[in-house]
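> Have a look; sequence and predicted model below, questions after that.
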Amino acid sequence: MRRWISLSVAIYFLPPLFLGVSCSASTETPSDVFTEELTLKPLPGGFLLAHFQFQTQRLEGAEYYDLFPRSIGDVIKKYNVEEFHLSLTNGYWRHSVWGYAPRPAPVGAELWAWFAPQTLPDVTTAWAGFVNTLAGVFCASLNAIKPANSISPQLAFSPEGASSNAGHGGNRSLLRYASLPRENVCTENLTPWKKLLPCSSGLVQLLDGTALYSQSHHSLGVEVRRVCPSGESSCTRPRLQLTQTVTLVMDVSRPRGPINWSFSDLFRGTVRSLCSLSSRSSIYFDITDNKTEFTLHPKPRVMTEAGGRRFATYDILRILAERKSGKPFTLNFISKERFAFSSGTPSEPVITSHRYLTGVGEEGGGVTSLITNNMEDEVEVVYLEVLPWATRVYLHTFRLDSSSPARVQWQYYSPGRDRSSPYHLETAFLIPARSSLRVSYRIERVHLKWTEHVPDPHHGIYMGSGVLILTNSPSTCTNSSHGSPLRVYNEALLVTLMTPDFSMPYNVICLSSTVVAIAFGSLHNLMTRVFAPAPAKNTPIWKAIGSRVLQSIKHIFTKKVKQS
């Protein structure tokens, strides 16, 4: 039962060529290996999932770099990184409607890394240098990751690579995790991401920045880990594997009529040339749950069935090699009706999680997470939340309400410190079959100093997504599709803090300046002007009157002369 949970989710999104892989799928070859693939799948509501995956492997310890990017190899070597996982995401993945994402990621930026044992006791220093270097490599604001928003999870985020068998899987001091829910994703991140690939042809030609960043959901992923060559039980010579992913959810619905699309409509481009450095370049179209009458052009030569799923498979290397005229490859989807599925969702979610704020006002409040088990058996989960230090959490307000009795197996709470560390709450519990669990606690919103507010302070601060992890799944396998437990991210929350009246200093300055200017001008004139009596004139009065009368007469005669 435990194995079925993770394998069913993995098989749902996995292309057929990987379904037979049990652990780290790699071939013992002396040179680097590069593969690329694209998986397409219709989703409910008129959406289409497009998942790109590019993998580059090299023998660890090799003297020269061939296809593997040296910028990544030097970084993990300098900071003794065993493996790391980075995601840059915009848009919430609706797992209750679309099923589970092929590579789950929260909104914003997420980074977690395992360091080698020789990094101790300077893991914090290595973590700081590592995130600053990645910020420069991917042109992202990862340098905003500080000790004030970083933690060491106690149960979540176990090693997924060969390091899980290296004997330090239980030393959680070598693990660091942080997220930036407010991180924006744009073409500045896509350009350096593309430069890590060994060639600019092949499937990467479909990744146009304008088309990519106008979708409902888009996520860039980069992960590096060590994998064991197939057939080796001791794993004496692991290979370093770089996996780059792009996950898109595109709205292909039409107001009326059927849904028709092509690569030019979706990606604003076609596959014009193949990547000669790639050992495999494939496109998979999952038609398992799709009950729509449609036609794919060109027609697939291979229909693969594996793990209870069907894929229309296209070998891009063979197709472009046979086209001597240089005609680009494009896939056209022509349907006679709208998308229809055999069930309400492509795959019934094993477990779902949603989160929301409670309370009124800007001083207090609460956070509630609703977790639902849709299976016929109880599941064992770990729930992790990292809250900013500006939202104080008190453990005595923690409540666990369930429609059926739920058992808390383990709980970890690390109180935050103002401006130093976040609040870390991690709980492991068993959820009964077909039941819901409500996790809630109270928070107190800190009154920040006026210099600590971020730009646009009235917008509020973000509370990163909670992470729900199913622990009853195999953990010894290093293949991410089989070995990593299922992770579900709920919503990131926007918390409004108490803010001072930032316009008051401006009003005070204007009023004070006006008053000072008026008072200073008058006082300055009185203090600096020299007052002296006017000299007296001893002119008789009759002479003054006569002079004025003569001037008036003269003015009258002069006016008449001008008029004549």
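All right, it came through fine.

> Count the residues that sit near Q205.
The criterion is other C-beta atoms under 10 Å. On that basis, Q205 has 19 neighbouring residues. Placement of C-beta: from N, CA and C, glycine included.

> got it, and S404?
13.

> With A544 instead?
Summarising burial for A544: neighbours were counted as other C-beta under 10 Å, giving 11.

> next structured bit after the helix or strand of the chain with the lowest mean pLDDT?
Using mean pLDDT, DSSP states H and E, the weakest-scoring helix or strand in the chain turns out to be helix 2-13, at a mean of 45. Where DSSP states H and E defines the elements, the next helix or strand beyond helix 2-13 is strand 33-43.

> Pairing partners for that next one, with directions?
Strand 33-43 pairs in its sheet with strand 47-59 (antiparallel), strand 280-286 (parallel), by DSSP bridges.

> Centre of the chain to that strand, how far?
Between the centre of strand 33-43 and the centre of its host chain there is 20 Å, according to C-alpha atoms, centre = their mean, to the nearest Å.

> Redo the strands paired with strand 33-43 as TSV? Include mean neighbour count and distance to D501.
Formatted as TSV, the entries for the strands paired with strand 33-43 read as follows, by neighbours: other C-beta atoms under 10 Å; distance: least, C-beta to C-beta, whole Å:
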stretch	mean neighbour count	distance to D501
strand 47-59	22	44
strand 280-286	22	55
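
> Quick one: closest of these to P533.
Ranking the strands paired with strand 33-43 by proximity to P533 (C-beta to C-beta) places strand 47-59 first, at 93.3 Å.

> Just give the number of residues close to N149.
N149 sits with 19 neighbouring residues when counted by other C-beta under 10 Å.

> And it, how far from L425?
From N149 across to L425, the span is 14 Å (C-beta to C-beta, to the nearest Å).

> rewinding a little: R239: which of the strands paired with strand 33-43 is closest?
The closest of the strands paired with strand 33-43 to R239 is strand 47-59. By C-beta to C-beta, the value is 4.9 Å.

> Could you pull up the mean pLDDT of the closest one?
Throughout strand 47-59, pLDDT has a mean value of 93.

> And the next helix or strand after that strand, what's buried?
Using DSSP H and E, the helix or strand that directly follows strand 47-59 along the chain is helix 70-78. For helix 70-78, burial by neighbour count (16 or more other C-beta atoms under 10 Å) applies to 72-73, 75-76.

> Also stretch 394-403?
Buried residues in stretch 394-403 (16+ other C-beta under 10 Å): 398, 402.

> Show me the contact partners of it.
For stretch 394-403, the surrounding residues in contact (C-beta atoms under 8 Å, 6 or more residues apart in numbering) are 366, 406, 408, 413, 415, 425, 429, 431-432, 435-442, 444.

> Could you do stretch 121-139 as well?
71-72, 75, 78-81, 84, 86, 88, 111, 113, 115, 119, 140-143, 145-147, 150, 173-174, 176, 178, 188-189, 191-193, 222.

> how does it look with 7 Å?
71, 75, 79-81, 86, 111, 113, 115, 119, 141-143, 145, 147, 150, 173-174, 176, 188-189, 192-193 (C-beta atoms under 7 Å, 6 or more residues apart in numbering).

> Tell me the buried residues in it?
Of the residues in stretch 121-139, those buried under the neighbour-count criterion (16+ other C-beta under 10 Å) are 123, 126-128, 130-131, 133-135, 137-138.

> is the closest residue to T391 other than its chain neighbours in a bridge, and if so with what?
On the basis of C-beta to C-beta, 6 or more residues apart in numbering, the spatially nearest residue to T391 that is not a chain neighbour turns out to be I443, at 4.6 Å. Here I443 shows beta-bridge partners V393, assigned using DSSP bridges.

> Relative to L387, how far out is I443?
Taken as C-beta to C-beta, the span from I443 to L387 is 7 Å.

> Determine the residues that are contacts of both of the two.
When contacts are counted by C-beta under 7 Å, 6+ apart, the set common to I443 and L387 consists of V393.

> returning to that earlier point: select only the buried ones of the contacts of stretch 121-139 in PyMOL?
Typed into PyMOL, the next command selects the buried ones out of the contacts of stretch 121-139 (criterion: 16+ other C-beta under 10 Å):
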select buried, resi 75+79+80+81+86+111+113+115+119+142+145+147+150+174+176+189+193
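
> Narrow the contacts of stretch 121-139 to those in strands?
Among the contacts of stretch 121-139, the members falling in strands (DSSP state E) are 81, 86, 111, 113, 115, 150, 176.

> Out of those residues, flag the one nearest to P300.
For the ones in strands among the contacts of stretch 121-139, the nearest to P300 is L86 (33.8 Å; C-beta to C-beta).

> Return the residues in contact with the closest one.
Contacts for L86 (C-beta under 7 Å, 6+ apart) come out as 111, 134, 222.

> go on, L470?
Residues near L470 by C-beta under 7 Å, 6+ apart: 5, 351, 379, 381, 485-486.

> Quickly list what it is bridged to.
Beta-bridge partners, per DSSP bridges, of L470: V381.

> Could you tell me the angle between the direction of the helix or strand where V224 lies and that of helix 70-78?
Using DSSP H and E, the element containing V224 is strand 217-227. For strand 217-227 against helix 70-78, the angle between stretch directions is 50 degrees (axes from the mean of the first three to the mean of the last three C-alpha atoms, to 10 degrees).

> who does whatever helix or strand comes next after strand 217-227 touch, helix- and strand-wise?
Stepping forward along the backbone from strand 217-227, the first helix or strand reached (DSSP H and E) is strand 239-251. Counting contacts by 3 or more C-beta pairs under 7 Å, 6 or more residues apart in numbering; DSSP states H and E, strand 239-251 packs against strand 47-59, strand 217-227.

> Nearest to D286, out of the ones you listed?
Comparing these against D286 with C-beta to C-beta, the closest turns out to be strand 47-59 (8.4 Å).

> can you list contacts of the closest one?
Judged by C-beta under 7 Å, 6+ apart, the contacts made with strand 47-59 from elsewhere in the structure are 13, 26, 30, 32-43, 66-68, 102, 197-198, 203, 207, 216, 237, 239-252.
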